[in-house]
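Trainee: coordinates for the following, if possible.
(chains A and B)
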2 protein chains.
Amino acid sequence: MSTTSRRVLLTGASGFIGSHCIAPLRRRGYEVVATYNARTPPAPVDGVEWLQADLLADGGAARAVAAARASHLLHMAWYVEPGKMIASPANLAWVRASLDLVLRFHEAGGRRCAVGGSCYEYDWRYGYCSEALTPCRPDTLYGAAKHGLAEALRGYALAGGLSLPWGRMFFLYGPNENPRRLVPSVILSLLRGEPALSSHGQQVRDYMHVQDVADGMVALLDSDCQGAYNIASGKATTIVSIVQALGELSGRSDLLRIGAIPARANDLPLVVGDTTAAQRDFGWQASIDLRAGLAATLQWWRERAQEPS
Amino acid sequence: MSTTSRRVLLTGASGFIGSHCIAPLRRRGYEVVATYNARTPPAPVDGVEWLQADLLADGGAARAVAAARASHLLHMAWYVEPGKMIASPANLAWVRASLDLVLRFHEAGGRRCAVGGSCYEYDWRYGYCSEALTPCRPDTLYGAAKHGLAEALRGYALAGGLSLPWGRMFFLYGPNENPRRLVPSVILSLLRGEPALSSHGQQVRDYMHVQDVADGMVALLDSDCQGAYNIASGKATTIVSIVQALGELSGRSDLLRIGAIPARANDLPLVVGDTTAAQRDFGWQASIDLRAGLAATLQWWRERAQEPS
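Mentor: Residues are numbered from 1 along each chain as shown, chains lettered A, B, ... in the order given. A predicted model of the protein is given here:
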């Protein structure tokens, strides 16, 4: 492999965040080998080679790495089924598969690897999450699996294994999101003229447009930074303000039923990421205005709702 | 499987700690299925079925679990090559294999699983290591891999996966230790009448006889405790005091060359485990006096040194 080649293996490339990583990778001059796990490949994209891969299968990681011949790895694939992802044993299977992938990538001569982590790694009782300060003590299997993988890979990087940064992604919305998640489910109810049920929504969260998150992960990969970085907006947004904005933008605030769903017990009041380190070390910050991003997402769903089904 | 069966799959059973787990398991009434990874099985032991297993091979964990039909799992196997274990990529392979093993064991109906962790998980700058208080921020691949596995498995237990305690083992000596490690290497030099080289040895560590450690791991398995527990002596021992005791016990203090080997840079001054939680929650504490344990270990090596080679 030439030392100047910049060829990236992107896992989870047909998923919510992964699909948004393709454009920033292309803009930064990477050739992209993008994995998918369906029977038929996604639509062709300029500069992208699609690669069918089942990373959970025995030998799946080794086959994907051998086929990709990549200098870089951006590992975004994970189990993300809404309602199940937090407590599913599939999280352990993905830790196992991710270790396999990173080891195989490095053995094959790979130079640099960025992996998608999560704000769920932090102890949310602290509320404001800073990489150097806030303890990681996840109270979910999803968070513990991501953090366990982060620890093992941090050790691998420490031992001279690989140049290996880790991006802790906060809360997302945007095109291509699973329709059972908050923003799409509210939008789809409003577009159908049905009541949009939500909890009181007073929880404060750090929400970003998925394109910002994808840009942040690619900026991290494209830097020479090591260790864990928040991929966060740094902005404190109440969930109810998102629901209200969607009502206003769609002209159907009358359909909002705020408080109709009971809030989850033990749902912590504030989770916001410190963005200082990302700005300082690799010059990235989220840039998409929340209201503009929600308007664009609403429009994306409106176009699809009008397509013949 | 009957609900009253107590049949344990013991991994690493031919290793340093694992081999010492067999007797306490038998005393507590467990049938033992013990894995080994050599070509020929170890010598027969009453109440023990030896099972050849390569847990790092594809499907190896599933085969071992299927063959063992065990209600309990005591997972002690790991990569422990002296001089290499701290920074070897084999640590990641063992995280992967251990996740596989625990998942397969649980899928096959296993009830309870105890796993061997390490004092290397702690941030040694704190010196005194308490489970509830001392941060884990390992600065070695070995410690990070163990801690990463601990985190992922803690999440799995949280999600209702399995009854799953974790034992953080401190420093060991005793029969069957790798001859390249501190205590055997000093003993073998003294028995050969050769100078026994060591560093200044002023570092304070928590040293135990391996039989104490094995008893502690088995006591933890045999309890209903969850989470991480120190398997430690709680005693602060300088390394030089161990070397001096071996000189006195062998009658060859004249061969000691304390300070002849430079101390490692950044070797932290004190690592001692808090034993309060283990005593309180499952009634275990180390009981073998250091000098008596060293004398017995010296005798064990003396008998072997006299065998025809």
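
Trainee: only C-alpha atoms from now on, for both contacts and neighbour counts.
Mentor: OK.

Trainee: am I right that A:Leu158 is in contact with B:Pro138?
Mentor: No - using C-alpha atoms under 8 Å as the test, A:Leu158 is too far from B:Pro138 to be in contact (10.0 Å).

Trainee: these two: which is more packed in?
Mentor: A direct count of neighbours by other C-alpha atoms under 10 Å in any protein chain shown for A:Leu158 and B:Pro138 places B:Pro138 higher, at 24 against 20.

Trainee: which residues of the stretch 101-250 of chain A lie near chain B?
Mentor: Within the stretch 101-250 of chain A, the residues that sit near chain B (C-alpha under 8 Å from any C-alpha of the partner chain) are A:103, A:138-156, A:158-159, A:161.

Trainee: what about 6 Å?
Mentor: A:140-141, A:144-145, A:148-149, A:151-152, A:155-156, A:159 (C-alpha under 6 Å from any C-alpha of the partner chain).

Trainee: of the residues you listed, which is the most crowded?
Mentor: Ranked by neighbour count (other C-alpha under 10 Å), those have A:Ala145 at the top, with 33 neighbours.

Trainee: quick one: residues contacting that residue.
Mentor: If you count contacts by C-alpha atoms under 6 Å, 6 or more residues apart in numbering or on different chains, A:Ala145 has them with A:91, B:152.

Trainee: measure A:Ala90 to chain B for me?
Mentor: Per C-alpha to the nearest C-alpha, to the nearest Å, A:Ala90 is found 10 Å from chain B.

Trainee: what is the burial count for that residue?
Mentor: 21.

Trainee: need the pLDDT of it.
Mentor: Per-residue confidence (pLDDT) for A:Ala90: 95.

Trainee: for it, phi and psi?
Mentor: phi -60, psi -20 (degrees, to the nearest 10).

Trainee: please enumerate the strands of the stretch 1-150 of chain A.
Mentor: Secondary structure of the stretch 1-150 of chain A (DSSP state E, counting those that start in this stretch): strands at A:7-11, A:31-36, A:48-52, A:72-75, A:112-118, A:128-129.

Trainee: now tabulate those strands in a markdown table and tack on mean pLDDT and mean neighbour count.
Mentor: Listed next are these as a markdown table, based on pLDDT from 0 to 100; neighbours: other C-alpha atoms under 10 Å in any protein chain shown:
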| stretch | mean pLDDT | mean neighbour count |
| --- | --- | --- |
| strand A:7-11 | 98 | 26 |
| strand A:31-36 | 97 | 24 |
| strand A:48-52 | 96 | 18 |
| strand A:72-75 | 98 | 26 |
| strand A:112-118 | 98 | 24 |
| strand A:128-129 | 96 | 22 |
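
Trainee: got those strands as JSON lines, with distance to B:Ala68 columns?
Mentor: Converted to JSON lines, these look like this (distance: least, C-alpha to C-alpha, whole Å):
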{"stretch": "strand A:7-11", "distance to B:Ala68": "36"}
{"stretch": "strand A:31-36", "distance to B:Ala68": "37"}
{"stretch": "strand A:48-52", "distance to B:Ala68": "36"}
{"stretch": "strand A:72-75", "distance to B:Ala68": "36"}
{"stretch": "strand A:112-118", "distance to B:Ala68": "36"}
{"stretch": "strand A:128-129", "distance to B:Ala68": "45"}
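
Trainee: show me where chain A has its helices.
Mentor: Applying DSSP state H to chain A gives helices spanning A:16-27, A:60-68, A:90-107, A:141-158, A:182-192, A:210-221, A:239-250, A:276-282, A:290-306.

Trainee: pick the most buried one from the ones you listed.
Mentor: Most buried of the helices of chain A, by mean neighbour count (mean count of other C-alpha atoms under 10 Å in any protein chain shown): helix A:141-158, with a mean of 28.

Trainee: got a pLDDT number for A:Gln306?
Mentor: Looking at A:Gln306, its pLDDT reads 69.

Trainee: quick check: domain ranges of chain A?
Mentor: Domains of chain A are assigned by automatic domain parsing as A:7-170+A:207-233, A:173-205+A:236-274+A:287-306.

Trainee: so which of those is nearest B:Arg112?
Mentor: domain A:7-170+A:207-233 (16.3 Å; C-alpha to C-alpha).

Trainee: start and end of the closest one, how far apart?
Mentor: 28 Å (C-alpha to C-alpha, to the nearest Å).

Trainee: what's the answer for stretch A:19-35, then?
Mentor: Using C-alpha to C-alpha, the two ends of stretch A:19-35 sit 10 Å apart.

Trainee: what's that stretch in contact with?
Mentor: Applying C-alpha under 6 Å, 6+ apart, the external contacts of stretch A:19-35 come out as A:6-11, A:13, A:48-53, A:211, A:214-215.

Trainee: from those, which is closest to chain B?
Mentor: A:Ala53 (17.9 Å; C-alpha to the nearest C-alpha).

Trainee: enumerate every residue touching the closest one.
Mentor: Neighbours of A:Ala53 in contact, by C-alpha under 6 Å, 6+ apart: A:35, A:37.

Trainee: give me phi/psi at it?
Mentor: According to degrees, to the nearest 10, A:Ala53 has phi -150, psi 130.

Trainee: turn the domains of chain A into a markdown table, including distance to B:Val183.
Mentor: Listed next are the domains of chain A as a markdown table, based on distance: least, C-alpha to C-alpha, whole Å:
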| stretch | distance to B:Val183 |
| --- | --- |
| domain A:7-170+A:207-233 | 26 |
| domain A:173-205+A:236-274+A:287-306 | 48 |
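
Trainee: tell me which of the strands of the stretch 1-150 of chain A lies nearest to A:Arg291.
Mentor: In terms of C-alpha to C-alpha, the element of these nearest to A:Arg291 is strand A:128-129, at 22.9 Å.

Trainee: which residues touch the closest one?
Mentor: A:271-274.

Trainee: so what's the gap between it and the chain middle?
Mentor: Relative to its parent chain, strand A:128-129 has a centroid offset of 18 Å by C-alpha atoms, centre = their mean, to the nearest Å.
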